[in-house]
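Enquirer: Quick check, what structure comes out for this input:
(chains A and B)
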Amino acid sequence: MKILFYRYGSICEPDIIDGFQELGHTILEITNEITNKSLLPQESIQIVGQSLFESSYDFVFSINFFPFLAEVCNIFKLPYLCWTVDSPVMELFALSIKHPWNRIFLFDKEQYNDIAPLNPEYTFYLPLATNVKQKQSVIQTASSIHHSRFSSEVSFVGSLYTEKCPFDRLKDPPQYLLGYLNGVMEAQLHIYGSYIMDDLLSDNMVEDFKSHLPGFFTFPSDSFLTDRITMSQLYIGNKISSLERLRIMEHLSAQFHVDLYTASDTSSLPHNIVNKGLARTLEEMPIIFHNSKINLNITSKSIRSGIPLRIWDILACNGFVLTNYQAELPEYFINREELIYYENHEDLLEKVSYYLYHEKERKEIAHNGYEKVCKYHTYPIRLEQMLHLAFDRRLS
Amino acid sequence: MNILYIDWPSFGEIDAIFTLEQLGHKLKKFAHPDYQKRISYDFNEAFSQEIEKQTFNLCFSFNFYPVVAENCHRYNIKYLSLVYDSPYVPLYSYTIIYPTNFIFIFDKQDYIKFMKMGIPTIYYTVLPVNATIIDFLKKKKFDHQKLTCDISFVGALYNEHHNFYEKLTNVNDFTKGYLDAITEAQMKIYGYNFLEEVLSPEIVQELRSVCDYKNDSYGIETAEYIYANYFIGRKITSLERQRTLGVIGEKFPIKLFTLNKNVTIPNVKNMGAVDYYNEMPYIFANSKINLNITLKSIQSGIPLRAMDIMGAGGFLLTNFQSDFLDYFIPNEDFVYYVDMDDLLAKIDYYFEHEEERIKIAKNGHEKVKKNHSFEKCFQYMFSIVFS
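Expert: Numbers count the residues shown, from 1 in each chain, chains lettered A, B, ... in the order given. Model (predicted):
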């Protein structure tokens, strides 16, 4: 098939392109937005429209969801396949989510539960996957200098959300509201495998919060987005993630040597945390995952049940994963055989300490996880499932 | 052997005394008004007099009393206690570490907590129940109209005036919001109590400024433990029980048996108080569904009420508590629910499936009769005390 791939710079795009090509499909990429973030929707529409006039495609594809692509495809009567790798994705609540030419693939069941009612026929749950070949070739061709440069006892690749925290714009909130928010966030920090925030906010609280948060996110046009979802998933979810990641880093660094690959400001953290800067996704991240004794995965709280990309990628690098519990993990991986869950911060410290000194077990677990993703969770396998769901469903 | 039986008006007294005597032991009852005090010279004096009269192999009490532990330690008498209350602050007394103590608690998670703290005198057992008395009771006349139910709930609502939580009314707005939030959050989570962990130092400081908890320096209980379990845990239980009963009441006929007969919950028939021995077993035996909503401070344990229900041959529908899974099979011996929707669906299902319901009640009854009698429980505890 011939696919028009609209890119915006998500780290998994190159891997997905590889995957489609491996299946024998032809890809044309539109990459303007990667370099020009201030591209207006109008300009994007023009670029995409032009491509569609110039050549014929079987479908348009993008990571996450672009309402303008849904509009364009609806006009051209061309399927638009999209796949989320993030949460929350506010664009999913656009009115154009309902278009019958959409094929919406969501990596998180909770996200699916939010969106599927809006377009039940064309919304699908599809977990993420990984590009084993690319990761392995980077690892095998890396120089020994690279290998030693990216070796860690414990590493974490990702944002600390310290700079991504719109919650902190909250201005002069009533003390009761502030206390309530602190209370629910503290409680949520202790609960793994279930995001209970949506149910804990009353309508009044949402109103109150909105009125004390300058620039509270609202959709530029009509949408299905509610202020409750925005408050719970965008503002509070991010804030909890940032609290959680900072706390974990503080706890861990008191006992262990931790390398952090992040663009976040880490100046407030203890000195034995080494901020090694942003890792380059294609060339460096696989080596980091491969060479870390322990790769931490701390899932962003707004990913409420799904498995984040980081886990799939670490496993593809034959890396050892120590992760928080996510409700969907048991559906794909066996705890203690293919990766390890931690249940709380105390447990995390105990497990880091145990696995740092049990190399054989660690390697065995990493290897089992690697075999699992090689066999069942590569992009070609997953994309085939996607295409089947998008096009062949009625035949089967 | 000779057993000094600490006599106070506890549940299970009749059964314990009967069982111990049946097992061939000689009991000497010892009652003293100061048994709940942590230190009492009067108690010590009376205890000494008793000990001088006769030799005892063992001292037994329901629940654990520091003043008894103190005296048993002094005279080197083994002190066996079976704790059915939770929360139970005397467990944090310094006296628990005396090697003369054999303290049995029914909450495994609590037991593990003590074990991790390095306390060697605390053990775990499921609470015992007299599961044969019901056969005798059934032959007697009882008030059918009062004690026959579709759904029954027997228990406190913890909403009396001057309750612990009301004492916190004057905390600042921030703390008020914080407490409301952790209360609502905890109500959504079954099987894991995080209240103690989420009470931050700032919040505890504010709580203390309004209603201080003073550790009397005879124990190691923290203010967090007291506020989480005695104040907030009860408040949550109160809300949870009222909301749960209310939600059920909207759809199904339900009777509430509780001390305060003036409480009203829409669509729930408040029957007032019942007698533990002479009425409660009839309710359990004559309800289609008996509800157990565990007090929040019980982390994983099987509460006495659940044992009472199965002991009377009643069908038990309970909130999830993980200790059940160690001794009972869900949907064979009892049924648990994980949230409100699940609860309603299960009530609906078991109303429709009478045969299954009766079978489950019967299995549960047989199992407690076989494994959790007072006799079995004492034999188990003795095997540890005298091993």
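Enquirer: hey, let's count contacts and neighbours off CA atoms from now on
Expert: OK.
Enquirer: quick one: low-confidence parts of chain B?
Expert: Applying pLDDT under 70 to chain B flags the ranges B:161-162.
Enquirer: Going along the chain, name the strands of it.
Expert: Counting by DSSP state E, chain B has strands at residues B:2-6, B:26-30, B:58-62, B:78-83, B:101-105, B:122-124, B:149-154, B:254-257, B:268-270, B:287-292, B:316-319, B:335-337.
Enquirer: how about the ones you listed in JSON lines, adding mean neighbour count and distance to A:Q140?
Expert: What follows is the strands of chain B, written out as JSON lines (neighbours: other Cα atoms under 10 Å in any protein chain shown; distance: least, Cα to Cα, whole Å):
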{"stretch": "strand B:2-6", "mean neighbour count": "20", "distance to A:Q140": "74"}
{"stretch": "strand B:26-30", "mean neighbour count": "16", "distance to A:Q140": "78"}
{"stretch": "strand B:58-62", "mean neighbour count": "22", "distance to A:Q140": "68"}
{"stretch": "strand B:78-83", "mean neighbour count": "24", "distance to A:Q140": "62"}
{"stretch": "strand B:101-105", "mean neighbour count": "25", "distance to A:Q140": "57"}
{"stretch": "strand B:122-124", "mean neighbour count": "20", "distance to A:Q140": "55"}
{"stretch": "strand B:149-154", "mean neighbour count": "22", "distance to A:Q140": "66"}
{"stretch": "strand B:254-257", "mean neighbour count": "24", "distance to A:Q140": "69"}
{"stretch": "strand B:268-270", "mean neighbour count": "20", "distance to A:Q140": "70"}
{"stretch": "strand B:287-292", "mean neighbour count": "25", "distance to A:Q140": "60"}
{"stretch": "strand B:316-319", "mean neighbour count": "23", "distance to A:Q140": "54"}
{"stretch": "strand B:335-337", "mean neighbour count": "20", "distance to A:Q140": "52"}
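Enquirer: so which of these gets nearest chain A?
Expert: Proximity to chain A (Cα to the nearest Cα) singles out strand B:335-337 among those, at 17.1 Å.
Enquirer: The stretch 151-300 of chain A against chain B: which residues are in contact?
Expert: Proximity of the stretch 151-300 of chain A to chain B, by Cα under 8 Å from any Cα of the partner chain, involves residues A:175-184, A:186-188, A:190, A:196, A:200.
Enquirer: Just give the closest residue to the residue in the stretch 201-350 of chain A that chain B sits nearest to, not the sequence neighbours.
Expert: Per Cα to the nearest Cα, A:L201 is where the stretch 201-350 of chain A lies closest to chain B, at 9.1 Å. Spatially, and ignoring its direct neighbours in sequence, A:L201 is nearest to A:R228 (7.4 Å; Cα to Cα, 6 or more residues apart in numbering or on different chains).
Enquirer: Kindly tell me how buried that neighbour is, as a neighbour count.
Expert: By other Cα atoms under 10 Å in any protein chain shown, the residues close to A:R228 number 20.
Enquirer: That one against A:D208, yeah?
Expert: No: using Cα atoms under 8 Å, A:R228 is not in contact with A:D208; the gap is 11.2 Å.
Enquirer: list the contacts for the residue nearest the centre of chain A?
Expert: Nearest to the mean C-alpha position of chain A, by Cα atoms, centre = their mean, lies A:D86 at 3.8 Å. Neighbouring residues of A:D86 by Cα atoms under 8 Å, 6 or more residues apart in numbering or on different chains: A:64, A:303, A:308.
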